[in-house]
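Q: sequence first, then the predicted structure, then my questions.
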Amino acid sequence: MKILPQSLLLLTALLLSSCIFKEPVFRQGFTPAPKSWPGVWTTDGTDPRTGEYALLAPLNDGSYLLTQPANSAGAFYYQCTHLRIRGRHLLQLQVLASFKGGLPKGGVGSWTLVWVTPLLDGRLSVRPLTSEGKTYAECRALLTSSGSDWNKLFGKPTIYRKLP
């Protein structure tokens, strides 16, 4: 597992300091994301001319392409799939490439998760997985266990609002 440096990686990298695995945490149980999710999103309270953006676009196979931050030379490109676990929304992300680093190198982890919570006003709260030191299998077990506290597995939320 490799920990990414603090930066905006989805939705924030999408990921502020996220856990990266060499294998997917989930291999089945994927569902379509809510129809309102695809589009261009920006961090809450940012100036639209200089804000951090994320672009979520549907792909033909039911997955999505996420570019974040979309308006930066430091952009990451992810393929993501949506899951509902214990009534909560998760996006499982696979790094496809980065603007600066190109394609992932062999043997480097490229999978992570973010917990997405729709807010009543249409914004999204996005929290990166930060359970350092755990394997993908341990994370899967904790996420599916009714006794686990997701607040201990995921980092601080970044709030996104969708642009018209």
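A: Thanks, I have the structure now.
Q: so residue 140 sits in a helix?
A: Yes - counting by DSSP: H, G, I helix; E, B strand; the rest coil, residue 140 is found in a helix.
Q: how many neighbours does it have?
A: 18 (other CB atoms under 10 Å). C-beta here means a position set from N, CA and C on the backbone, and glycine is covered the same way.
Q: what sits against the closest residue to it other than its chain neighbours?
A: Leaving aside its sequence neighbours, residue 140 sits nearest to residue 25 (CB to CB, 6 or more residues apart in numbering; 5.0 Å). Applying CB atoms under 8 Å, 6 or more residues apart in numbering, we find residue 25 in contact with 92, 111, 113, 136, 139-140, 143.
Q: so which of the residues you listed wins on neighbours?
A: Highest neighbour count within the contacts of residue 25: residue 113, with 30 neighbours (other CB under 10 Å).
Q: correct me, but that one touches residue 139?
A: Yes - in this structure residue 113 lies within contact range of residue 139 using CB atoms under 8 Å: 7.4 Å.
Q: helices of the chain, start to end?
A: 136-144 (DSSP state H).
Q: residue nearest the centroid of it?
A: For the chain, the residue sitting closest to the mean C-alpha position, by CA atoms, centre = their mean, is residue 114 at 4.0 Å.
Q: how near is that one to residue 147?
A: Distance, residue 114 to residue 147, by CB to CB, to the nearest Å: 22 Å.
Q: how about low-confidence regions in the protein?
A: 1-18, 44, 46-50, 107-108 (pLDDT under 70).
Q: one more time with 50, if that's ok
A: For the chain, residues meeting the criterion pLDDT under 50 lie at 1-17.
Q: ok, now which ones touch the nearest residue to residue 71 once chain neighbours are set aside?
A: Nearest residue to residue 71 in three dimensions, chain neighbours excluded: residue 53, at 4.8 Å (CB to CB, 6+ apart). The contact partners of residue 53, taken as CB under 8 Å, 6+ apart, are 40-42, 68-71, 163.
Q: who touches both of residue 113 and residue 139?
A: 25, 129.
Q: isn't residue 82 right up against residue 89?
A: Yes - the pair residue 82 / residue 89 is scored as a contact, 6.7 Å apart, by CB under 8 Å.
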